[in-house]
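Q: I would like the atomic coordinates for the input below:
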Amino acid sequence: MAPAKAYKTLSDEALVKEAQKGDMDAFGELVVRHSDKVYARAFSIMHNEDEAIDLSQEAWVKGWQRLKQFQGDSSFLTWMTRIVINICLDYLRKQKRQKAESIEALDEEVGGVERQMPVMVVNPSEGLERSELRERIDKALAQLSHEHRTVLVLHEFENLEYKEIAKRMGCSIGTVMSRLFYARRKLAALLAGWRREENM
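A: Numbers count the residues shown, from 1 in each chain. Coordinates of the predicted model:
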């Protein structure tokens, strides 16, 4: 076990190795380093501060319990991000399902429709330093349903393929495409609406 101050100088990999031996202080340093990012991912899916806090804390508990399973194939943060996403999705599945949006009637044939329609591609890394833009995107995301917000976050922010999203959300690929199509159009319309209001 290293002296307390020494933890701050260790890499994530070194801290994980110490934590895998049972060193909770080493794991505590990992929590300090990455808790904001794990919470941010939970909030981007739940869009509710209390739920995001509870679920991100649950993710850290699960991360500690499963730490011996971490092989280092990805970064520790990527691994924790996957855990918190799965916990959020499990939580949403347990909640009463909202009535399916009428857009989902497009289901299997929506792929063709999506290709014909211009869509706004959300690039989360571009300009997000500008708090105003971030605030607008957050407000727009808040107006989407859990299902539509989640599929948008997984595809645009986590870069997951349709097949993987369908597997995680327990629905068909067609439903994923339908939700993504709806979410992109809604987000684009909301952001364009605010732009028009400013220019009036």
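
Q: Please report how far residue 188 lies from residue 158.
A: 20 Å (C-beta to C-beta, to the nearest Å). For the C-beta atoms, the positions are set from N, CA and C on the backbone; glycine is no exception.

Q: for residue 183, same thing?
A: On the measure of C-beta to C-beta, residue 183 and residue 158 end up 14 Å apart.

Q: of these two, who's got more company?
A: Taking neighbours as other C-beta atoms under 10 Å, residue 183 and residue 158 compare with residue 183 leading, 26 against 18.

Q: for the helix of greatest length in the chain, packing partners?
A: Counting residues, the longest helix found in the chain (DSSP state H) is helix 173-199. Applying 3 or more C-beta pairs under 8 Å, 6 or more residues apart in numbering; DSSP states H and E, we find helix 173-199 packed against helix 110-116, helix 131-142, helix 146-152, helix 162-169.

Q: okay, those helices, which one's buried deepest?
A: helix 146-152 (a mean of 23; mean count of other C-beta atoms under 10 Å).

Q: how's the chain carved up into domains?
A: With domains defined by automatic domain parsing, the chain comprises 8-94, 104-199.

Q: any chance of these in TSV, plus mean pLDDT?
A: Converted to TSV, these look like this (pLDDT from 0 to 100):
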stretch	mean pLDDT
domain 8-94	92
domain 104-199	73
